[in-house]
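>>> Dropping a prediction and its sequence here:
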Amino acid sequence: ATALDRHAQTRPMTERPAIYAHVAARMHAELAADPGSIPAGYWVVAAARASGDLDTAWSAAAAAWIRAALGRDRGVILRGDLDRLVVQAIIPERAARLSPKDSSVAVAGLLSEWEAFKAEWTR
């Protein structure tokens, strides 16, 4: 997935969604075989975000957060990576789409929603 991500970043924006769709399909297959897969859990979210599908990225991050408890480390690594991806990329990008002129209120709301979700689903 990392190699395909690097390749996608060298391609025009119009070509990237197909590359990330391939990554997502491979990662979904991996999750079917191993629901606790750390790389697959992360890359499903990252591929959706990189292809511009922020709603799917948000939902996939929530699903990956929940499944993370199935991992060998009980989700420590994946949850840290997901939290950074959501807070640093997905939330600001979603907020900018929701409120293009002043996204600070949307960022605060989405961050609050994410924190509440994490509190509910962290064991």
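It's in. Numbers count the residues shown, from 1 in each chain.
>>> In three-state terms, label the residue of the chain most remote from its centre for me.
When each C-alpha in the chain is compared with the mean C-alpha position (Cα atoms, centre = their mean), K101 comes out farthest, at 24.6 Å. Following DSSP: H, G, I helix; E, B strand; the rest coil, K101 is assigned to coil.
>>> One more: Y42?
Applying three-state DSSP: Y42 is helix.
>>> so how far is A64 from it?
According to Cβ to Cβ, to the nearest Å, Y42 stands 7 Å off from A64. (Glycine included, C-beta is placed from N, CA and C.)
>>> Which one's more surrounded, those two?
A64 (27 against 21; other Cβ atoms under 10 Å).
>>> from memory the more buried one sits against L82, does it?
Yes: applying Cβ atoms under 8 Å as the test, A64 and L82 come out as touching, 5.7 Å apart.
>>> so what sits against both of these two?
G41, Y42, V45 (Cβ atoms under 8 Å, 6 or more residues apart in numbering).
>>> what sits against the last one?
Residues counted as contacts of V45 (Cβ under 8 Å, 6+ apart) are A57, A60, A61, A64, L82, L85, V86, I90.
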